[in-house]
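Just a sequence and a predicted model for now, questions to come.
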Amino acid sequence: MKQLLIGGQWVAGVSSQPLRDKYDGQVYGEMAVASPEQVTAAVAGAVAGQQQSTLTPYQRYKILLAAARIVESRLEPLIELMRHEAGFTRADGDNEVRRCVQTLELCAEEAKRLNGEMVPMQAADGVKNRVGFTMRSPRGVVCVITPFNSPLNVLMHKVGPALAGGNAVVIKPSEFTPLTAVELCKILIEAGLPPTLLALVHGDGAVVGPQLCADQRIAFYAFTGSTRVGREIQRAAGLRRTQMELGSIASTIVCHDADQALAIPKILNAGFRKAGQVCTSVQRLYVDRRIAGEFVPKLVAAAQKMKAGDPADAATIIGPMISEHHAKRAQSWVDEAVAAGARLLTGGQRVGNVIQPTILTGVKPEMKVVCEEIFAPVMSVIEFDGIDEAVAQANAQPFGLSVGLFTADLHTAFTAAKALRFGGVHVNEASSARVDAMPFGGVKDSGFGWEGPAYAIREMTEERLMTISY
């Protein structure tokens with residue numbers, strides 16, 4: 001079972017752990033576990049590989065584009081693998097693969113476009129016969145630590161720009177979804193990437209993560225995960241650069257003049273796709289009190305038509321959560337809220353890892369379902385009387401990743417967008433609206449730095465000034 005990529009070679013781990021299907025619990029594979037010595041060797045191999053690399057930007061473009069075509073050709077096996085690993089439904093898996101293809105294509109193009117800029121040297125008094133410009137160079141080794149909820153595309157959003165910028169990459173994927181990362185590395189190598197530019201290690205994040213963070217040979221960390229772990233990585237990184245996409249309590253606001261037929265399916269998809277395990281899933285839904293009486297029943301009726309269960313069933317829209325532990329925790333938060341006075345409009349039931357799409361109302365600010373990230377198919381409706389009230393409540397939390405706003409009034413849209421302190425404000429879209437070409441990142445406890453190939457590649461390279469007098 002050679003699943004670790006170290007020094008350009010596939011090797012076995014020192015032990016293995018069984019991997020179980022997220023719906024039926026059956027073993028579908030094993031994960032190789034790296035020893036501390038193997039982790040050290042993986043970083044050393046990446047350092048050597050980057051220092052010895054002679055790939056030109058055009059060659060990197062060709063490799064990433066070839067990888068896109070290979071991923072595209074392996075749609076079905078990748079969907080099947082992620083059904084086991086992440087509990088993805090057919091729709092979730094298909095979307096994950098197709099977005100990965102697009103992300104690879106975008107990264108390929110950025111490899112050709114990466115350059116610096118001219119500096120207006122003669123803007124200074126007395127300067128003549130002197131020119132200046134910047135160049136962009138790879139940082140060296142980029143360490144990528146990724147979550148379970150997007151095992152293919154989030155991984156590519158970090159690996160792709162790093163490779164496009166000329167770096168080597170050390171990958172530590174979630175221990176819930178290790179085999180998707182194995183397949184992606186194989187695809188990149190098959191596409192022509194020198195294997196010495198990739199390293200892949202598996203194991204418990206609490207063990208492998210600190211070791212990677214302590215290794216001073218790593219120049220940059222790209223992390224998606226909890227705010228707690230993000231803080232630990234940032235402390236360990238010190239003066240080294242990082243990109244952090246952290247926790248979130250995503251909000252979407254529905255104004256009185258919103259197009260309800262447009263809003264409802266987008267909100268439900270954003271709240272419940274991937275079993276609500278997306279950092280931008282709608283957790284707080286603010287609805288203008290003037291329309292709540294007609295809007296909320298429509299929302300509930302549509303949610304009740306969304307089938308939850310076996311992701312192998314083509315009719316299933318909401319598959320299992322990543323583990324029964326996570327599902328039990330989410331259900332306990334719902335039960336606590338109901339016991340404290342919240343009203344359950346639909347859902348709330350759990351069978352194994354599967355939670356029915358759940359909508360609550362009458363929640364209080366101190367309830368976990370609205371003041372902590374639930375990461376489950378659970379949405380709380382909060383009525384408001386004016387847009388300023390909704391904006392204030394959405395802002396009154398430590399996170400600021402993404403927010404949606406449905407309105408027909410441009411004045412409302414622009415005024416609210418200026419006041420909402422989030423990394424992204426999406427008008428007439430829900431909070432999880434995303435195009436892979438756009439910049440994506442948060443503020444406050446949701447982190448900093450951008451994903452999106454054109455933006456990430458600049459973070460993963462160094463800008464160097466050169467001046468010439470003549």
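Ah, there it is. Since we're looking at a predicted model, the values are computed, not measured.

tell me what whichever helix or strand residue 50 is part of is packed against?
Assigned by DSSP states H and E, residue 50 belongs to helix 36-52. The helices and strands touching helix 36-52, judged by 3 or more C-beta pairs under 8 Å, 6 or more residues apart in numbering; DSSP states H and E, are strand 2-6, strand 141-145, strand 168-172, strand 198-200, helix 205-214. For the C-beta atoms, the positions are set from N, CA and C on the backbone; glycine is no exception.

export those to TSV and tack on mean pLDDT, distance to residue 468 and mean neighbour count?
Below are the helices and strands packed on helix 36-52 laid out as TSV (pLDDT from 0 to 100; distance: least, C-beta to C-beta, whole Å; neighbours: other C-beta atoms under 10 Å):
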stretch	mean pLDDT	distance to residue 468	mean neighbour count
strand 2-6	97	42	22
strand 141-145	98	31	27
strand 168-172	98	31	27
strand 198-200	98	37	27
helix 205-214	97	40	16
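
Looking at those, spot the one closest to residue 269.
Of all the helices and strands packed on helix 36-52, the one in closest proximity to residue 269, counting by C-beta to C-beta, is strand 141-145 (27.6 Å).

So in that sheet, which strands flank that closest one, and in what orientation?
With DSSP bridges as the criterion, the sheet partners recorded for strand 141-145 are strand 168-172 (parallel), strand 220-224 (parallel).

coming back round to it: list the buried residues of the helix holding residue 50.
Residues of helix 36-52 classed as buried by neighbour count (16 or more other C-beta atoms under 10 Å): 38, 39, 40, 41, 42, 43, 44, 45, 46, 47, 49, 50.

Please apply the same query to stretch 118-134.
For stretch 118-134, the buried set under the neighbour-count rule, 16+ other C-beta under 10 Å, comprises 121, 132.

Tabulate the strands paired with strand 141-145 (a markdown table), appending distance to residue 379.
Output for the strands paired with strand 141-145, formatted as a markdown table (distance: least, C-beta to C-beta, whole Å):
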| stretch | distance to residue 379 |
| --- | --- |
| strand 168-172 | 32 |
| strand 220-224 | 22 |
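
Quick one, which of those gets closest to residue 127.
Proximity to residue 127, assessed across the strands paired with strand 141-145 by C-beta to C-beta, is greatest for strand 220-224 (34.0 Å).

Now do that closest one: distance to the chain's middle.
From the chain centre to the centre of strand 220-224 is a distance of 11 Å (C-alpha atoms, centre = their mean, to the nearest Å).

now do stretch 439-459
Here the centre of stretch 439-459 is set off from its chain's centre by 11 Å, with C-alpha atoms, centre = their mean.

Please identify the buried residues of it?
Residues of stretch 439-459 classed as buried by neighbour count (16+ other C-beta under 10 Å): 440-442, 444-459.

What is the end-to-end distance of it?
Length of stretch 439-459, first residue to last, C-alpha to C-alpha, to the nearest Å: 12 Å.

Then stretch 206-221?
Here the two ends of stretch 206-221 are set 16 Å apart, with distance taken as C-alpha to C-alpha.

likewise stretch 9-17?
Using C-alpha to C-alpha, the end-to-end distance of stretch 9-17 comes to 21 Å.

one step back: want to throw the helices and strands packed on helix 36-52 into a markdown table with distance to residue 99?
Supplementary listing: the helices and strands packed on helix 36-52 in a markdown table, determined by distance: least, C-beta to C-beta, whole Å:
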| stretch | distance to residue 99 |
| --- | --- |
| strand 2-6 | 24 |
| strand 141-145 | 17 |
| strand 168-172 | 18 |
| strand 198-200 | 21 |
| helix 205-214 | 24 |
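
Residue 57: which of the ones you listed is closest?
For the helices and strands packed on helix 36-52, proximity to residue 57 was assessed by C-beta to C-beta; strand 168-172 is nearest, at 15.7 Å.

Using PDB, list the CA coordinates for that closest one.
Taking Å, rounded to 0.1, in the frame of the first residue of the first chain, the C-alpha atoms of strand 168-172 are listed here in PDB:
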ATOM      1  CA  ALA A 168       7.200  22.400  -4.800                       C
ATOM      2  CA  VAL A 169       4.300  21.300  -2.600                       C
ATOM      3  CA  VAL A 170       4.000  19.100   0.500                       C
ATOM      4  CA  ILE A 171       0.400  17.900   0.900                       C
ATOM      5  CA  LYS A 172      -1.300  16.900   4.100                       C
END
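
Can you give the contact residues for that strand?
Strand 168-172 is contacted from outside by 42-43, 46-47, 49-50, 53, 140-146, 155, 158-159, 162-163, 181, 185, 196-203, 205, 208-209, 212, 218, using C-beta atoms under 8 Å, 6 or more residues apart in numbering.
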